[in-house]
Structure formats: C-alpha cells, structure tokens
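**Student:** Take a look and give me a structure for this.
(4 chains)
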Amino acid sequence: MDFNDTPQEAEFRAAARGWLDSNAERLGPDESPTGMAEGQDREDVIKSSQAWQARKADAGWACITWPKEYGGRGASSIQNVIWNQEEGRSQTPPNVFGIGQGMLGPTIMAHGSEAQKSRYLNPMLRGEEIWCQLFSETAAGSDLAGLQTRAVREGDEWVLNGQKIWTTGAQYCRWGMIVTRSDPAAQKHAGITYFIVDMESSGIEIRPIKQINGGKSFNEVFFNDVRVPHANVVGKVNDGWRGAITTLMNERASIGGGGGSNGFRELMRLARETDWNGRPALQDPYVRQRLADFYIRSKGLQYTGYRTLTALSKGATPGPEASIGKLVGAPLSQELAGFACDLQGQAGSLMEDDSSWQSSYLGAPGIRIAGGTDEILRNIVAERVLGLPPEVRLDKGIAFQDIPSARN
Amino acid sequence: MDFNDTPQEAEFRAAARGWLDSNAERLGPDESPTGMAEGQDREDVIKSSQAWQARKADAGWACITWPKEYGGRGASSIQNVIWNQEEGRSQTPPNVFGIGQGMLGPTIMAHGSEAQKSRYLNPMLRGEEIWCQLFSETAAGSDLAGLQTRAVREGDEWVLNGQKIWTTGAQYCRWGMIVTRSDPAAQKHAGITYFIVDMESSGIEIRPIKQINGGKSFNEVFFNDVRVPHANVVGKVNDGWRGAITTLMNERASIGGGGGSNGFRELMRLARETDWNGRPALQDPYVRQRLADFYIRSKGLQYTGYRTLTALSKGATPGPEASIGKLVGAPLSQELAGFACDLQGQAGSLMEDDSSWQSSYLGAPGIRIAGGTDEILRNIVAERVLGLPPEVRLDKGIAFQDIPSARN
Amino acid sequence: MNFDFSEEQKLLQKTARDYLSENAPLGLCRKILEGDEPYSRELWQAAGEMGWLGAAIPEKYGGAGFGHLELALLAEEVGRALAPIPFSSSVYLATEALLVAGTDEQRERYLPGLASGELIGTFAIAERRGRPTAASVQTTFKDRELVGVKLPVPDGDVAGIAIVNARDDSGISLVVAELDARGVERESLASIDPSRSLARLSFQGARAELLGAPGKGQELADSILDRAAVLMAFEQVGAATRAFELTKDFMMERYAFGRPIASFQALKHRLADLYVKIELARSNSYYGAWALSSESAELPVAACGARASASDAFELASQEMIQLHGGVGYTWEYDCHLFYRRAKLLGLALGNASEWRDKLIERLDHPSAV
Amino acid sequence: MNFDFSEEQKLLQKTARDYLSENAPLGLCRKILEGDEPYSRELWQAAGEMGWLGAAIPEKYGGAGFGHLELALLAEEVGRALAPIPFSSSVYLATEALLVAGTDEQRERYLPGLASGELIGTFAIAERRGRPTAASVQTTFKDRELVGVKLPVPDGDVAGIAIVNARDDSGISLVVAELDARGVERESLASIDPSRSLARLSFQGARAELLGAPGKGQELADSILDRAAVLMAFEQVGAATRAFELTKDFMMERYAFGRPIASFQALKHRLADLYVKIELARSNSYYGAWALSSESAELPVAACGARASASDAFELASQEMIQLHGGVGYTWEYDCHLFYRRAKLLGLALGNASEWRDKLIERLDHPSAV
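**Tutor:** Take a look at the predicted model:
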C-alpha cells in the first residue's frame, strides 16, 4: 500500500510532464487552471481552447484513450487519469470538447458508419468542430427513454420536431447528437433513432436557460421541421437506444476518480475566524461535530477515489461504483455551504459575490440533479452494484404511445 | 386556545373521578400505575385485573365506548380519553383485556352473528374471558393478507393448520380470533375466513418467543388439526378480510393521544450528572443540540396529540394521522437510548438492570416493528393521509396460490 | 382541551388567504425579486388597511386589537404567500418591542404608524458574522447619541425606525432611533433572497432614546426575540406547507416510467417524512402561540421549540422541493428557488436553528431564568 | 497509486476467513453469549497458533512479524465473524502499548505470551461514566503500587496483564500491572454484549511498573488509542459488511406482496445508503492502515476518520439489520441482536464516535500537535 506510480506509470507521467512543461506553464501549488467565467468573452476562450487542442493533437496528446487509428494513442484508463492530473497542473485553457471527445466520439466509433468515422472523428479530436449532446427533454429526464422529440422519414431525409433541454454549449457547437422517437407504435426502447445533426440547420432555435443561481450554462434547443439526411443516422433506424446507452456509459466512465476540493479548508478558516457565542466557532463542540462529519465524508470519497484509481491501475474498467462520488459529494456540498451560511449568523443571508458560500448554496441543488439525480444514483447503486431487483415497470410490453405520460 | 375541558367534558371527568376516588387510590404526581413486570406472578395479576374489571362493569365504567346494549355507555372518543387519563391517575391493576375489548369486541359487534354477540360480548366486557388476536405469521407480517394458515371445511366444522406469531397473552386467553386461508384458489383478499377459536381446543400449542432483550411477552401459536365449529365463523366464509380490516382500524383507533414519557427528563438528569471532557455533559454544546432535538420531537408529538384530542373533542373520529405518533416516537426512543449509552462513555456498555438505558436500547428495535413497521407507517401516511398513489401490486388479479412467496 | 384556533380566528385566516391568493400570487414575490422595488408597497398598504399590521396592537394605539393568536395565523398566510413585505421586521419585532418595553408616550408616537403601515420598523442587533453575545456589542449609546454600525438589518433600507441594542454606562440597553434623521447612513446590501431586503445602518452620532430600562437591553432583546420567534415560526410553517403542497401536486402530475413520480416508494417515503416534520413544527408552533397569547412563563422554552423546528422544516421543505422537481426545479422560471432563498433568509433572521436549540437546553436547565 | 492490499496480504485474509467460517460461525458467538464461558478458548488458542495474535509482533519477541496491514485484515475477519475472543484488548491495545512504550526487557517478558495467546492483555483507563480527561484520573501510582478502581475494563476478568493509566508525581503515567498478583480484585460485570466480557478491576496497592517515560501517560495513551482505533475500525467494517450482506440476502429471499422485499424502492435506497456509508468507512480505514503501517505523521488524523466513520457505519448497519428483517429480526433466535450488541460495545470501547470527531478537528486545528 503506497501512493506511488508503478514504474510504467512513472514513465508515462514523465513523458506527459515533459511535453507539458515544454508547451505550457506549470501552475503553483495553490493555483487552479483558468475556468470559463460567466460573462467572459466566449469566442476568445474557444479560440484559445482550439489552439491548445490542435497543439496536443499534433504531438499525439489529444484524446489519448482513442485508438491509434483515430488519432489517439490507445491509452489505458489509468494513463488517462495521469494525463488529466498533469494537464490539470498546467496553465491551459478550459476544455470545451469533453462531450464530443469523451462521449460522442466513442459512440460513433462503436456504432457509426465508416463514412461517419472518417468525416467526423478527426475534426473532433483536433477541436476544429465542437459537439453537443441532445438527450434530455422537459418530460424525459430521469426517464430518458420517455423522450418525445419526433423523427419522421421523408425519402432520404428525416424531419425532426420537438424540444431538448439542458444542452451544454449549444450556441457554439457545430454538430449535435440527438435521440428521437421514430416509431411511437413500437415499445418504448424499440422506436428510438439516433442522429448526427448539423447545428446550423434551419429550424433550430437555441435559448439559454437561466438557473436559480443566475447562471446560464445550459440551453433549451427547439427543433422545428429540421431536416437531417438519412446518412446521419447513427447505428440502425429504431435501434438508437443501444447507441444512447454507449454514450451514457462513456459519460459515467468520464467521471474521474479523486474528488476535488469542496471547500472544507475554507470552512475551517471561516470557523476559526468567526465568533460564536464568545469564542471562535472552531472551539464550539457542536461546530466541531459538523465539521468533522464533513471532513470524514469528503476524505472518505477521496480515498474511495484512490481505491478506484488503484483498480484502474491494475487494469479494471470504471464501473457503476463511480456513482458513489456524486451521490455523496452533491448533498455534501449543499450541507457544507448551508452550514457555512448558518455559521455567519444573520450575515449568512448576505449575498456577497459569485464565490461566496451563499453562491455555493444556490448552486448546490443543481449538482444533486444534473447528470443523474440522487435518486437515480441510488437506483444505480442498488441495482447495478448490489444486484437488487429492478423497479416494477409499467412501461414495458406496450407501445410507447400507450404509456401514460400524464394524469388521464 | 386553552387546555381546559369543555363544560360537558368537565362534568364527565368529575363523574369519572368521583367514582374512581371512591374505588381506587389516587396516585401521587410522580407515581405510575403498576405495570406487569417480567417474572411477576401472572395469575395474581390476572385475578386482580379481573376483579377491578368486574367492579367497573358493575358500575357501568367498563368499555365505556361500547353501545349501551352491550353493556357500555356509548361514550365518545374524547370521553374515552378522559376516562383513560383519570384511570391512569389511580392505582389500578394492569389491563389485560385491551385486545379483546378494544379490537375484537367491536369486530364482533360489526360482523358477528347475534348468537356470537350474546355469547361473547358480556364476559369480554366483564373481563371474565380474555381474548387474543391471531393475525401475523412468520411470512405474513407487513403483508398480513399473505397469511397461509389453512382452514378446510369438514361438515359443520373447520380444520385449522398453520402457525401464528406475535400473539400477546396466548397462554392465559380463553378465546382467540384468527384469520385463515380458506380458499387458496381465490384472489389474495377473497379467500380469507375469520374465526373465533377456543384456545383450549386440542391441537393448539403455544410457545413463548424470546425477544432480543430477553423478554417473552409474545408467543408463537401452532395449529395442528384444530377443529372449529362452523358457528364460529365471523362474518361470511371467504369474506374474512373485511372483518380483519375492522380489527386493524380499531387497533389504530386505540392508540391514545398524548405521547407519554420517553425518558427525556431522565436524559437531562444523566447529562447534568455525567462528566464530559471536564464539565457536566449538559454544558457541552454538542450534547445540547442532541438533547434539544429529542425534546423538540418529543414535544412536537405531544402537542400533535393535543391537536388530535381537540379534534376528538369536536366530534372527529381518529384517523390515520395517529400513525405519526409511532413513526416519530419509535425511532426517537432508539436514538435517545443509544445517545444515553454513548454519553456514559465506555461505561455505556454495562448492562445494569431492566430499567437501564441499555435495556431501552435493546427494547427499542421492537417498538419500530411491532404493530406496523416504520416503513408500513410511512406507506400509510403517504397513501391514506397524503393521498399519494398506492404501490404497484403484483399480487392482484391472480389466485393466492399463484402469487410468488419465495424465490423460484 | 381546545388546542386549536377558534372559528373566528380561522375565518380571519381564510379571508387573508383568499386575499393573498388573489393579490399576492408567487408572481408578486418574483416581481420584487427581479425588480428594483424593495418591497410591494401596494400589498403593504393593503395589509395596513385590513388591520394585519396592527393585529396585536390595542385599538387605543390605532391597532385592530385582535391579539397574538390572530397575528400568528396572519403570519402563516404571509409565509404561504412568500409575501414580499417587511412584515416580520415591522410587526413581529419593532411593534412587539414597543408593546413590551415602550413608554405610553413612545407607543402613542409610533404604534399608529406601524399599525397603518405608514411607518415601517425594524430591529437592528447584528453587527458582524457569527453568534453574538452581550459582550460583543460594539455600538455605543452616550449622551443620547448612537455610534456604530449594524449589519445586516432586515428591511433597514425602508424602515423609518429601528430598535437598536447598544452599550451604555449601565451595560446593554435598547434604544429607538429614527432612521431619516441626521447621523444615519443606510446602504442596501445584496440579499440571498432579493424579495426581502437587507441593509447596513451606520449611526454616526444619530439621536436615539431609551426603550425600556437602561441596562436591560439583553433581557428585553431576548424577550422580543422570543415573541418574534413564535410568529416567525408560523410564517415558516406556512411557507413550508405551501412548498410541500406544490411539490406534491407536481409529483402527482409529473410522469416517468409510465406512472406519476409520486407513486415511487422512495419518493413517497420522503414526502411522508417531510409531512411529519412540518406537522411536528406546526404543533410546536401552536404551543408557542398559546404561550405567547396567554403570557405564559413557558414562552421562553416554547419559543425555542417552535422556532428551531419551523426553521428546520422550512429549510428541508425548500431543499426537497427543488430536488423532487428535478431539472425544472433548478430553473429560474420555476418558483422553487423563491422558497429556497426565503427559507435561508428566514432561517437566519432571528438566529439559526442551532442557536435556538442551544438556548432551549439552557432554559430547561435553569427554569428560574424563564 | 497502490491503495490496496497486496496479493499476499489478501491471501492471509482469505485463509483467516476460511478458517473462521469453518470454526467460528455465528453460533460460536451465540454460545459464548448464552453460556458461562467468558470467551472461546479454542478459537483463542488457534488464533495464537496461526500467528494472528502476534501478527504485528517482531519475530524476535515470538511474533509472526507480518505487520500492521496484515493485522488490519485479520481484524476485519475477526469483526466479520463476531469472534468471541479478547482480540482487541490483547492485540490492538496491550500489545501495541508494549510495542510503543515497552522497554526491551518488558517486551521480552510479555510479548511472547501475548503472541501465543497464553497471556491476555488489556488496557484499563475508564474509571467512571462520561468522557474522561487527564484531570479526571483518580487512580494513583506511588512507590510502585497502584491504588484505584478501573471500570469497565474489557476482558479484565480474563486478562493476565493490564496497561493502566495512573496519577503519580510527574502527572499521568502508564504502568503495567499483573492481574493475578496480590492487591488486585476483579469482578465480572454484565455487558450489553455478553459475548465479550467487561470487568471491574480494583487495585489496592498492587505492584506495577512504569511503561514508558513518567508523566507521559496521556500522550502515550493517545498514541496507543490511535493505533487501536485503526485496527478496531477494520473490525467494525468487517462486522458491518457481514451485517449488510446477511440483510441483503434475507431481503432477496423474503417475499411480501408477491415480490422480494429487496425490490421495494424505499428499501433499495436504504440499502444503497448503507452500502455507501460502509464503503466510505472502509476507505477511511484503508487510509488509517496506510498511516499506521507507514508510521506516518498523519496517523492521529487518519485514526479519527477511520474510527468515527466505522463506528457510525457499524451502528447503523446493526440497526438497519433488525429493522429490515422485521419481526423475526427482533427474536433471540435470529442473529441480528448479536450484531446490534456488538456494535454498541465496540462503538464505546475506545471512546464513542463523537469523541473521535471532536479530536479530529482539534488535531486538524493544531497540526503541530500531530
């Protein structure tokens, strides 16, 4: 039991670090890479992000887990973690390609036609074209397969009508991948078709969604008679659920191990500096209990991440256990931020700036929902990790159009 | 808003107190009525209990909610509460008739034949015959209607075979009421017959169940070719579920308002007298938080009981809201006793006597299960109080014998 | 045993609910939250006209003279509506302070305006982050002049008077200060719930006068906070109940996997637990209302129980509301965040739930102090 | 990154598990619980022969010389089996105390017996109810004689030696006392978990000798408790995991309403939450094992995290075990209560979870004290 790389891992890390050190600035121990702030000029960010991606691609450091034939280096999961750690210690632009490179590219490799692979994968890898994922709908979130966006075939084209939601970066994406209902008379999972859609098509309207914390990183995307060539079907017609599953599995796999900071250190500082009933809050036994509980859960997650990394290092592939991270971490963030507000007494309701505890408290509920709610994650742990029986399903064995989707 | 009786209630209370004061000793403010302790001579207790019951019956104070025609006085729910309060302030023997008088008697009144009413109700009211309820089975607890004890008709008799569990007082009961499976080919709730059974019949074997705290207040009762006359069917053959529901509703209704002591005062004393890190535990802010939480939940229950009593006083009948009492109170008892153990430090694992915190901690899990588990109570609150949709049922619309009852 | 409100009291409550559902839908709260107005002047004026603001003020001071039980029910309705008005500051705090400690002259001077709504009052005691003690009060009162900074002061930007605790020769005293006078500077501060405003009040030699006996400021403040705590508990229970109802309704309408999400057992149990938590808070609040209205010696203990349980219930209800709505619950467009913000604001306004729990045990331990 | 045990270590663990499932089914725990024997002598002897008791004792003192990582895995198995033996007292506490503070002569005198099992050791520090401090120690050590009462002392009825903290001229010191000597009286006390015994030890001028430097008793005790905390955490995680597995299996087999109760969503979510809690405790315990085995300066912090989370996880697992078994879980006949009792006993043995959480923040706040 130790925290060192294996010799092979150390060698890989040295190579990665070597290239990074000659191409980017190393961050100091307390620095973080630049994020994409609200209001920052988006075009500039994208340009610098694309420039960095091209540089990596030229040197063979882009999409390292992709097979060599598509421009990657066939790296293992643990090598990917090491690369991400090292890149995270360098001053690099925010990455806006994750959804394409991490989730959609692998889907195209698995289910796409040869023509699709040769047209789309390389520009995706080089960051020349940015991709978005058009999955959730207002009435199809946790129950994604309940999606209702319609696709109707007309000759060599398909006509799409409907509405997607929670689409990251729709405004600056060149391509999207969309799951649609192509046969409402088939059973729920059997009438879904998966398309590549040109985001510049006419009939697409993109509206930003304002979140409760004022942020606008997501969009609604409306499809109004949008025409898509038949050649853009990924996999087979009415068999799109299989491809969607591949995308979702890759989403899960892209959750890294480790568990970053959730503000515990800052909370300790707050407790040290805040007067509570005549002494520093950190001296109050009740405050201590709460803080200790946060620390223990947060470290428990971090060390669970170490166990996952160890398994990856031994050749395992990421499994549903990764769900624990979000299931524990998201409510923890909310409790921790809420407690920090409480610790400030009446001043805890002052909304100071975007990096305040109040801001975290407003942002936290979103983390408990996005990318799988607490409840869906508990189902995943219960069914896929523990092997408990699935939910009783009332939506199986009947045509999609006959499944109740609203009262009466 | 006040805590006084209405004039009518005050009048009733005065009458009750008047009779009690001339027939029993009034308890001091810190005294409790004698309970039935483990190991006490049971026969003596029963005899004194029967003597007291007969005295009440002679004076018209037995089963006061029963209609006058059966020997009661047709008292209202609030009058019953007042009577119980006043009787509780007198030195009286433990009551061993509750199951019969509170649950089974009303069932016989509602569903029994005239012959049954005239034979059984009066001796029940006078305490001359004690009754038990034979409902739960090892594999039919929360799902009571899954019961498997068989009843097969042979001419004018029925033959019972099976096993009941959690029967209180089976050893000293003269009669029992038992729900049985009379038609396994019918749907689950449609093949159940309800009987009055003579507990002195041959073929009945009673074995005490040892609980985890060492207590033995419950029994298993085995039925081995026990013969019951057809005249003892309560209600109609195969329609016993209706009667069982009546019994269960009366069980719920018999839960009194108010919420007794759960040891908070004793916990305060313990915290005052225990050293915790160099000062009395009661001075420790963390201990205070825990204590306050216990107090607030416990008082919240007590005041919820006051609200229920007020509704009764205005003529309402007890509803499923009463489930809150046990749902909150049972886990509270467990937490409170567990915390009291913890507060004693290492000495918290010493098992001192039957009234210790350790003993409460061992007894508490039973309270969370008996008479409806936490989970069943949450279902009741969700469905009957809040009107949420029922569980998806896989055991409807098919013959009982075809319902899966074990893996494969 | 009559642990319930009277028919007349319930009728008053129903009238208030009907009025608010007509005139103060959640859109009104949203309008204040998104706009520049600090509170809804129309609603405030109407509340004054209907006698709500003076519900506990005797008629001789221009009030409606109802009493505290009636006021508690009105507070519940204000909570249900998330009404964007300085009700708690002016009614539970400033008005109660004057009722508890004011001279007849002071009452005559201020109560009629507070009752009509022409005057808004507030209670300014916080000075810095954390849980204050008597020893931590820095504001001074000397030669009838206040010097110091109070923040955050709820509704301090719109109030005409503030009850302030300050250090003087005799210890801590309460004083009343007129905020439009010389020597007072106000600054609006951003609030986690912009439908309710917060401010910084700087007193630079502002004139003020004693409220109650000198040196009794801590005891008086505690007593005023106890009264406000009960009323605030009703406001919180009202808001929690509304959050619960909206969530339940949404879950009955929203389908997933072919059935209403309210039919999933894990979610049913969550709703059951939330319901129970709110009901216990309601019962504790009832007890607080009884103690307040009957001037019972149990008020200090009852206030702690009501306040702590109502704060916890509303906070949980607001969190569950977003979570059980799922993605749409996290959008600005849905109303969930109005509840989430308000829960945090109210939960901190008079000291957080853990402070009240701590006080509870302190008071139970020293019944003489009650 | 290799945050896992080695294949050799896992093999040792598997051997232990196989041995225990053959020779120490839950019936063995029940036999001790119901009978008069204080512990299973057969199992104890076997544990000595297999090298478990001396896993962390160097070979030159008669130990197996494996190390603390191996010992941690053995502790997990002892926990899984609810083994009715004085393992924690003798191995985690007395043995570790001698390894940390013993002179070479003391080690030679005691460690071979502790390794073989011929000698049982314990750690006697509690004197009364509550959370002790250095100032509350009443037992005295003067002229090489101990005077005072320790209770409860785990396995004090069967131990041959006890490490005792006592007050002497230099403050608090640790001493080692032989319990069969003159001046020692023992009395067995009823335990909430009769499969593990508790005793009162009265020292009436019993001979004892210093263990470690005089006046360093508090620091030494803290250090020994940290080491024991990590090992105990593994024992607790092992027991919690077994409770979880048995409960899950039961719920898969037990049908209600025509389906396994493990298919009801509310219960599935409860199991998921319990699983997660146990896994986090396991991860914290791994970190503790790393810190212990590598003599890291992080041990004092890591021990707190491991101990607190493992105590909470086992306690919850034992409570959920009964609840999710329903009625039969509350019968003496089923094994649930064996876990419920053991969880309380172990949870209190080295100080309860809240004490360790408190220590954790104290230590994080003063890294110099680490």
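
**Student:** CA atoms for contacts and neighbours, from now on please.
**Tutor:** Will do.

**Student:** Pull the residues that contact stretch A:284-295.
**Tutor:** A:264, A:268, A:276, A:281-282, A:332, A:336, B:284-287, B:289, D:354, D:357-358, D:360-361 (C-alpha atoms under 8 Å, 6 or more residues apart in numbering or on different chains).

**Student:** Try it again at 7 Å.
**Tutor:** For stretch A:284-295, contacts defined as C-alpha atoms under 7 Å, 6 or more residues apart in numbering or on different chains pick out A:264, A:281-282, A:336, B:284-286, D:354, D:357-358, D:360-361.

**Student:** Quick one, which of the residues you listed has the minimum pLDDT?
**Tutor:** Here the lowest pLDDT out of the contacts of stretch A:284-295 sits on A:F264, with 93.

**Student:** wait, what's in contact with that one?
**Tutor:** Residues near A:F264 by C-alpha under 7 Å, 6+ apart: A:Y295.

**Student:** Kindly confirm my reading that C:A177 forms part of a strand.
**Tutor:** Yes: C:A177: assigned to a strand according to DSSP: H, G, I helix; E, B strand; the rest coil.

**Student:** That one: neighbour count?
**Tutor:** 23 (other C-alpha atoms under 10 Å in any protein chain shown).

**Student:** phi, psi of the nearest residue to it once chain neighbours are set aside?
**Tutor:** Leaving out its chain neighbours, the residue that sits closest to C:A177 by C-alpha to C-alpha, 6 or more residues apart in numbering or on different chains is C:A208, at 4.4 Å. Main-chain dihedrals, C:A208, degrees, to the nearest 10: phi -150, psi 160.

**Student:** quick one on the thing from earlier: for the contacts of stretch A:284-295, which one is nearest B:Q53?
**Tutor:** B:Q53 lies nearest to B:Y286 out of these, by C-alpha to C-alpha, at 48.9 Å.

**Student:** Is the closest one in a helix, a strand, or coil?
**Tutor:** Remark: B:Y286 carries the secondary structure label helix [criterion: three-state DSSP].

**Student:** Strictly from the record, what residue spans define the domains of the chain?
**Tutor:** Unless you meant another one, I'm taking chain A. Annotated domains of chain A cover A:7-95, A:97-255+A:392-408, A:256-372 [automatic domain parsing].

**Student:** To clarify, I was referring to chain C.
**Tutor:** C:7-116, C:121-214, C:218-369.

**Student:** count of neighbours near residue 113?
**Tutor:** Going with chain A. There are 17 residues near A:S113, going by other C-alpha under 10 Å.

**Student:** you looked at the wrong chain, it should be chain C
**Tutor:** 21.

**Student:** Hmm, C:Q106 and it touching each other?
**Tutor:** No: C:G113 is beyond contact range of C:Q106, at 11.6 Å (criterion: C-alpha atoms under 7 Å).

**Student:** any common contacting residues for these two?
**Tutor:** By C-alpha under 7 Å, 6+ apart, no residue touches both C:G113 and C:Q106.

**Student:** quick one: low-confidence parts of the chain?
**Tutor:** You didn't say which chain, so I picked chain A. Segments of chain A classed as low confidence (criterion: pLDDT under 70) are A:33-40, A:252-261, A:408.

**Student:** Chain C, not that one
**Tutor:** For chain C, the ranges with pLDDT under 70 are C:367-370.

**Student:** Try it again at 80.
**Tutor:** By pLDDT under 80, the low-scoring segments of chain C are C:366-370.

**Student:** Tell me who's in contact with C:A240.
**Tutor:** Contacts of C:A240 (C-alpha under 7 Å, 6+ apart): C:313-314, C:317.

**Student:** Tell me the residues of the stretch 201-350 of chain C that contact chain A?
**Tutor:** The stretch 201-350 of chain C comes close to chain A at residues C:253-259, C:322-323, C:326-327, C:330-332, C:337, C:344-345, C:348-349, as judged by C-alpha under 7 Å from any C-alpha of the partner chain.

**Student:** if we go to 8 Å?
**Tutor:** C:252-260, C:319, C:322-323, C:326-328, C:330-333, C:337, C:344-345, C:348-350 (C-alpha under 8 Å from any C-alpha of the partner chain).

**Student:** Which residue does the stretch 51-200 of chain C have closest to chain D?
**Tutor:** Across the stretch 51-200 of chain C, the shortest distance to chain D (C-alpha to the nearest C-alpha) belongs to C:G130, at 19.0 Å.

**Student:** I'd like to know how many residues surround that residue.
**Tutor:** Neighbours around C:G130, by other C-alpha under 10 Å: 27.

**Student:** Mind putting the contacts of stretch A:284-295 into a markdown table with secondary structure?
**Tutor:** Listed next are the contacts of stretch A:284-295 as a markdown table, based on three-state DSSP:
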| residue | secondary structure |
| --- | --- |
| A:F264 | helix |
| A:A281 | helix |
| A:L282 | helix |
| A:L336 | helix |
| B:D284 | coil |
| B:P285 | helix |
| B:Y286 | helix |
| D:S354 | helix |
| D:R357 | helix |
| D:D358 | helix |
| D:L360 | helix |
| D:I361 | helix |
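
**Student:** and the residues you listed, which two are the farthest apart?
**Tutor:** Once C-alpha to C-alpha is applied, the contacts of stretch A:284-295 give A:F264 and B:D284 as the farthest pair, at 23.8 Å.

**Student:** Skipping adjacent residues, who's closest to the residue in the stretch 301-408 of chain A that chain B sits nearest to in space?
**Tutor:** Per C-alpha to the nearest C-alpha, A:V392 is where the stretch 301-408 of chain A lies closest to chain B, at 7.2 Å. Leaving aside its chain neighbours, A:V392 sits nearest to B:V392 (7.2 Å; criterion: C-alpha to C-alpha, 6+ apart).
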